[in-house]
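Undergrad: starting from these lines, generate the structure:
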Amino acid sequence: MGHARNYVTQDILHRIMSDYFGYDVHFVMNITDIDDKIILRARQQFLFNKFKKETTALNSELVDTVRQAWEAYIRSELARGLVEAERPSEGEEEARWANLVERFADKTWKQECLQRNEKFEMHFTAARRSMEALQKARTQLSGQTNTSLEAAHALIDASQDILCLSLDKQLKATVTDPSIFRSLAAFWEDAFFKDMDRLRVLRPDTLTRVTEFVPEITQFVEKIISNGYGYESEGSVYFDTHAFDGSEGHFYAKLEPWSKGNKKLMEEGEGALTSTTTGQRSKSDFVLWKSSKPGEPSWPSPWGPGRPGWHIECSVMASAILGDNMDIHSGGVDLAFPHHDNEIAQSEAYHGCDSWVNYFLHTGHLHIEGLKMSKSLKNFITIDEILQKYTARQLRLAFLSQLWNAKVDFSEGLMTGEVRTIEQNLNNFFTTIKALQSRSDGTKSDGYHHYEKQEAELTSSFHESQSAFRSALCDSFNTPSALLVLRELVSKTNTYIAGRGKDINVDLLVYIANWVGRMLRMFGLGEGSAASSEIGWGQEDREGGSGSVNREEVLMPYLRTLSTFRDGIRQLAIGGKDDSETALKEILMLCDRLRDSDLVPLGVALDDQEDGKALVKLVSPAELIRARDEKRAIQDAKIAKKAAALEAERLKKAQKLEKGKVSPKEMFRPPNVKEGVYGTWNEEGVPLTDGEGKELSKNAVKKVMKDFAAQGKAHEEYLASTRTD
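TA: Model (predicted):
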């Protein structure tokens, strides 16, 4: 997803420059197909696969090998997250392990470990997985229950992270075949471009790979040395930052001068296999050419067998294609220092210029639910995983809705809320315009064009929107503002449609919709060219169908005929003079069934209009079914609510009738009241005295008479309910 953020955003900027502003763009992409990470991963994977292939069964030798690797892993990788007192020394790893497992449940302790080593939890999980597999293997060996190849591979696979480090430490010098490194890079290069194709990222005009430019790299380094900005040490070549910084017209770390001297960033820039403790004149000097150690690929050079440094490759390949100056250099913001600052320095040192790049475009970081994406934080999402949940269009809309150089907080709420709302509103807009256009095309005459006050106001809003859209893109590619302009124009157009009735100027609507569609396609949000006059996002592949089939051309003539038939039946039922009310209702029911049931699975929506005619729309069947089901659910809820209210009313009435069973003459006598509450009653049953023989007070008499009258009315209602005709 981090790659998706960077490359999709850069693709949007590329399209804006070429398809909107009309610049001729020569887009060059450099592929790093050999660096420290690739070397380590390829070498470790090769040694692991070889070890697994050579293992024939589960035995004590295999268990000992894995155990020793596990112990070394505990003392090295896991120990970097522990305080000194907690770090196990050789021979006490397993004894300390039980305590570590118990402590891992302590969130405060775990957080402290993560602060010391952000990958602590990942290392702990790898160690635990391997230890559980070791314990199982020991049990199998002691009982001779399963010593097969399958059991051996289960132990090896569970301990892969641990074995890779151990095998590489012992056997890295035995890996000499350069194809091992190139094949891994080729595999991931192919996977990368497949993902980019799925994300609709345009392919580069020129593609360069480091391994294809090694001779040019050595020549580039030689010239930097001859110009006085590089020096050789122990077979490696370093860039002299002090000499560069002190020369006229140059200064080091142009992009991030505040990061100069940042040891952590500089070490990350040099790579895990590069030693920066010896051979350098200054700690800020960076490597141009690396002397290859055993187990690393190498090429011949004037300084001995070696390989390119990471920073030099981009300068050489870009210079080979674009010369001594390029207009725009892009990448993630994390590359600004030291990578891009080092590129600037070495390129200006080589070309003898004071400005190698005119503009740097650094895209912001991607955060997942507020946190920076990281495998160790378990919020790492692959492009394949995200495309199973959302479409490439939805991802691009998410990135368009935020500034290209700002931090993007990617969240479930963003995708299911704002992004899907934008997409749905635009879909509805395009289907409405196409339906109106289709109905207009189906008439014998193009009719009166109605260019009056409402049309003039909408046209004025359209021209203002076009100007505001351009201003937004001129303002450092402000795509959120540009997207908002399109949304507001759509809203104003919908308001015009709703308020104009049957006197709609369809040509004006098509004119506006064409422009909106072109701008969306210009952003890469749909198939087809930005210059196309097609309304909407553009044709897309449908599930189970071909993207080359234009559904509208094939289906619309038939759908118009079907709609006309339905319109006639509805008009007959609504305005008919047949005395049979039942027949008219049945015709209307057939029309509704056609609209709500028969056409929905075909992806056809019929919107009834005030003039008795329907707009025919082609919509996703799944979308129509979902909308229909939601509507039915709302209707069912209303029916259930009404039924519940009727039942409550029935119970209330039944309770009232039940209460009315008692005659008012008996209501104040036991057992309807407690014995002793009243002493005497008149002939109507109204109490005169209380249980002690005292006359009732005025207030008590008033209340008794009120209750007596109410019970009399209730009793009459009860008696009435029991009578039969």
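Undergrad: show me what the host helix or strand of Asp507 packs onto, helices and strands only.
TA: Under the criterion of DSSP states H and E, Asp507 resides in helix 506-522. Applying 3 or more CB pairs under 8 Å, 6 or more residues apart in numbering; DSSP states H and E, one finds that helix 506-522 contacts helix 420-441, helix 453-474, helix 479-500. Every C-beta, even on glycine, is put in place using the N, C-alpha and C of the backbone.
Undergrad: who does Pro308 bridge with?
TA: Beta-bridge partners of Pro308, counted by DSSP bridges, are Trp289.
Undergrad: tell me, how many residues neighbour it?
TA: Number of residues near Pro308 (other CB atoms under 10 Å) recorded here: 26.
Undergrad: surely it touches Ile34?
TA: Yes: here Pro308 reaches Ile34: they are 7.5 Å apart, a contact under CB atoms under 8 Å.
Undergrad: out of the helices and strands packed on helix 506-522, which gets nearest to Arg209?
TA: helix 479-500 (31.6 Å; CB to CB).
Undergrad: residues making contact with the helix holding Asp507?
TA: The contact list for helix 506-522, computed with CB atoms under 8 Å, 6 or more residues apart in numbering, reads 15-16, 19-20, 426, 429-430, 433-434, 436-437, 440, 449, 451, 455, 458-459, 462, 466, 469, 482, 486, 489-490, 493, 496-497, 526-538.
Undergrad: are any of those residues buried, and which?
TA: 15-16, 19-20, 426, 429-430, 433-434, 436-437, 440, 455, 458, 462, 469, 482, 486, 489-490, 493, 496-497, 526-527, 530, 532, 534-538 (16 or more other CB atoms under 10 Å).
Undergrad: out of the helices and strands packed on helix 506-522, which is closest to Ser292?
TA: The nearest among those, by CB to CB, is helix 479-500 at 44.7 Å.
Undergrad: now do the closest one: which elements does it pack against?
TA: So helix 479-500, by 3+ CB pairs under 8 Å, 6+ apart, packs with helix 392-400, helix 420-441, helix 453-474, helix 506-522.
Undergrad: check the offset of it from the chain's centre.
TA: Helix 479-500 has its C-alpha centroid displaced from the chain centroid by 25 Å (CA atoms, centre = their mean, to the nearest Å).
Undergrad: next, the angle from it to helix 392-400.
TA: 110 degrees (axes from the mean of the first three to the mean of the last three CA atoms, to 10 degrees).
Undergrad: make 456 the starting number, not 1.
TA: Shifting the count to begin at 456 puts that one at helix 934-955.
Undergrad: show residues contacting helix 934-955.
TA: Here helix 934-955 has contacts from 467, 471, 852, 855-859, 877, 880-881, 884, 887, 891, 905, 909, 912-913, 916-917, 920, 923-924, 927-928, 930, 959, 964, 967-968, 971, 974-975, 978, using CB under 8 Å, 6+ apart.
Undergrad: helices of the stretch 556-705 of the chain, start to end?
TA: Assigned by DSSP state H, counting those that start in this stretch, the stretch 556-705 of the chain shows helices spanning 562-571, 575-598, 604-613, 615-626, 634-653, 669-681, 696-700.
Undergrad: tabulate these (CSV), appending distance to Gly825 and mean pLDDT.
TA: Below are these laid out as CSV (distance: least, CB to CB, whole Å; pLDDT from 0 to 100):
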stretch, distance to Gly825, mean pLDDT
helix 562-571, 16, 89
helix 575-598, 18, 92
helix 604-613, 33, 94
helix 615-626, 28, 95
helix 634-653, 25, 94
helix 669-681, 41, 97
helix 696-700, 37, 95
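Undergrad: so which of the ones you listed is nearest Lys1153?
TA: helix 562-571 (71.9 Å).
Undergrad: who's in contact with that closest one?
TA: Taking CB under 8 Å, 6+ apart as the rule, helix 562-571 contacts Arg535, Gly536, Leu537, Val538, Arg558, Phe559, Phe575, Glu576, Ser831.
Undergrad: just the pLDDT at the second one, thanks.
TA: By that I understand Gly536. Note for Gly536: predicted pLDDT of 88.
Undergrad: list the contacts for it?
TA: Counted by CB under 8 Å, 6+ apart, Gly536 has contacts Cys568, Leu569, Arg571, Asn572, Lys574, Phe575, His578, Phe579.
Undergrad: pick the one among the residues you listed closest to Leu639.
TA: Lys574 (21.7 Å).
Undergrad: how close does the closest one sit to Trp765?
TA: Separation of Lys574 from Trp765 (CB to CB, to the nearest Å) stands at 21 Å.
Undergrad: check Ser638 too.
TA: Computed as CB to CB, the Ser638 to Trp765 distance reads 20 Å.
Undergrad: can you pick out the residue with more neighbours from the two?
TA: Ranked by neighbour count (other CB under 10 Å), Ser638 and Trp765 place Trp765 first, with 23 against 12.
Undergrad: show me where the stretch 1056-1180 of the chain has helices.
TA: Using DSSP H, counting those that start in this stretch, helices in the stretch 1056-1180 of the chain cover 1076-1114, 1153-1177.
Undergrad: of these, flag the one that's most buried.
TA: Highest mean neighbour count of the helices of the stretch 1056-1180 of the chain: helix 1153-1177, a mean of 13 (counted as mean count of other CB atoms under 10 Å).
Undergrad: now for it, which elements pack on it?
TA: Looks like helix 1153-1177 contacts helix 1076-1114 (3+ CB pairs under 8 Å, 6+ apart).
Undergrad: and the helix it packs on with helix 1153-1177, angle?
TA: 110 degrees.
Undergrad: after the one helix or strand in the chain whose mean pLDDT sits lowest, which helix or strand is next? Please name it.
TA: When the helices and strands of the chain are compared on mean pLDDT, DSSP states H and E, strand 826-827 comes out lowest with a mean of 70. Sequence order places helix 838-844 as the next helix or strand after strand 826-827, per DSSP H and E.
Undergrad: dump the helices of the stretch 556-705 of the chain into JSON lines; add distance to Val1074 as well.
TA: Shown next, in JSON lines, are these (distance: least, CB to CB, whole Å):
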{"stretch": "helix 562-571", "distance to Val1074": "48"}
{"stretch": "helix 575-598", "distance to Val1074": "45"}
{"stretch": "helix 604-613", "distance to Val1074": "48"}
{"stretch": "helix 615-626", "distance to Val1074": "48"}
{"stretch": "helix 634-653", "distance to Val1074": "24"}
{"stretch": "helix 669-681", "distance to Val1074": "55"}
{"stretch": "helix 696-700", "distance to Val1074": "61"}
